[in-house]
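*Asks:* Okay, sequence plus prediction incoming.
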Amino acid sequence: MSPAKKDIEAGRGPIAPPRHIAIIMDGNGRWAKSRGLPRSAGHSAGAEAFRTIANYCKAIGVKWLTVYAFSTENWKRSADEISWIMSLLEKYLLESIEKMERDGMRLVIYGDESALSPRLRSLMDRARDVAEHVEGFTANVCVNYGGRAEILRAAKRYAEDYVNHSAPELTEESFSGYMYTAGLPEPELLIRTGGEKRISNFLLWQLAYTEMYFTDTLWPDFGPAELDKAIEFFNGRQRRFGAAE
């Protein structure tokens, strides 16, 4: 049992968990390869890891979890692998539509929906409708998402409002309102699993002052105890936002 889990059962939570955690879920393919399994098995295991971590975040008091599920660059992968990833997303959306209100856990999808299947877009619309009536923990899943594309989209939306004389004065705060994450606090902690140390076009606008935690643990092996380590790292940081010590 992880230290934070023991605290929860004793009526305590881990010290100051971040309100908003972002995760680059990396390592599904390598996890499968190391076990002589197809990549699809790695993605299935990764989906279960996401379910576990989302429930754990809710239990310890995290308010928002934003994960990188499928990037704009991931279309370069094989058609079979893409099909499997999308089928897992459909499955998770169906489950969430049924359970969101009961569990008090909102699921929101961010990204460019235009390249996704009609069925998947329909499920995303249904999930969005249900989420509007649910309060509590929110899991944001980024699908066909790229940080640069998001900034371009926001700039185009602002320009349209400007032409229509409905744009607010351009400030960092007002421009943030044109992002997918409008209205959310920026992530306080970014976790990347799998050993790589880069952000790979993820939340480029939002990560300006986010603490970053990198681990060699592959995503399917990333459980509550690993998240506790990341939170412990976060709690040991001095967040000065550019100010002197």
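*Replies:* Alright, I've got the coordinates.
*Asks:* Which secondary structure elements does whatever helix or strand A230 lives in sit against?
*Replies:* Assessed by DSSP states H and E, A230 sits inside helix 224-235. Secondary-structure packing of helix 224-235 (3 or more Cβ pairs under 8 Å, 6 or more residues apart in numbering; DSSP states H and E): helix 3-9, helix 39-60, strand 189-192, strand 211-214. For every residue, glycine as well, the C-beta is placed using N, CA and C.
*Asks:* Can you give the strand pairings for the last one, parallel or anti for each?
*Replies:* Each strand that strand 211-214 pairs with, and the sense of that pairing, follows from DSSP bridges: strand 189-192 (parallel).
*Asks:* Output the partner strand as PDB, restricted to C-alpha atoms.
*Replies:* As requested, C-alpha coordinates have been extracted for strand 189-192 and formatted as PDB (Å, rounded to 0.1, in the frame of the first residue of the first chain):
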ATOM      1  CA  LEU A 189       3.000  19.200 -12.000                       C
ATOM      2  CA  LEU A 190       3.900  17.500 -15.300                       C
ATOM      3  CA  ILE A 191       4.900  13.800 -15.200                       C
ATOM      4  CA  ARG A 192       6.500  12.000 -18.100                       C
END
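*Asks:* Bridge partners for M105, pull those for me.
*Replies:* F137.
*Asks:* which residues sit in contact with it?
*Replies:* A54, N55, K58, S96, K99, V134, G136, F137, T138, A139 (Cβ atoms under 8 Å, 6 or more residues apart in numbering).
*Asks:* JSON lines please, covering the helices and strands packed on helix 224-235 and showing mean neighbour count, distance to L203 and mean pLDDT.
*Replies:* Conversion of the helices and strands packed on helix 224-235 to JSON lines gives the following (neighbours: other Cβ atoms under 10 Å; distance: least, Cβ to Cβ, whole Å; pLDDT from 0 to 100):
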{"stretch": "helix 3-9", "mean neighbour count": "15", "distance to L203": "24", "mean pLDDT": "50"}
{"stretch": "helix 39-60", "mean neighbour count": "20", "distance to L203": "17", "mean pLDDT": "96"}
{"stretch": "strand 189-192", "mean neighbour count": "25", "distance to L203": "8", "mean pLDDT": "98"}
{"stretch": "strand 211-214", "mean neighbour count": "19", "distance to L203": "11", "mean pLDDT": "98"}
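*Asks:* closest one to M124 among the ones you listed?
*Replies:* The closest of the helices and strands packed on helix 224-235 to M124 is helix 39-60. By Cβ to Cβ, the value is 16.6 Å.
*Asks:* Kindly calculate the angle that the closest one makes with helix 224-235.
*Replies:* Computed with axes from the mean of the first three to the mean of the last three Cα atoms, to 10 degrees, the direction of helix 39-60 lies at 60 degrees from that of helix 224-235.
*Asks:* hmm, who's touching the helix or strand following helix 39-60?
*Replies:* Using DSSP H and E, the helix or strand that follows helix 39-60 towards the C-terminus is strand 64-71. Under the contact criterion Cβ under 8 Å, 6+ apart, strand 64-71 has outside partners 19-25, 50, 53-54, 57, 85-86, 89, 110-111, 137-146, 181, 184-185, 187, 200-203.
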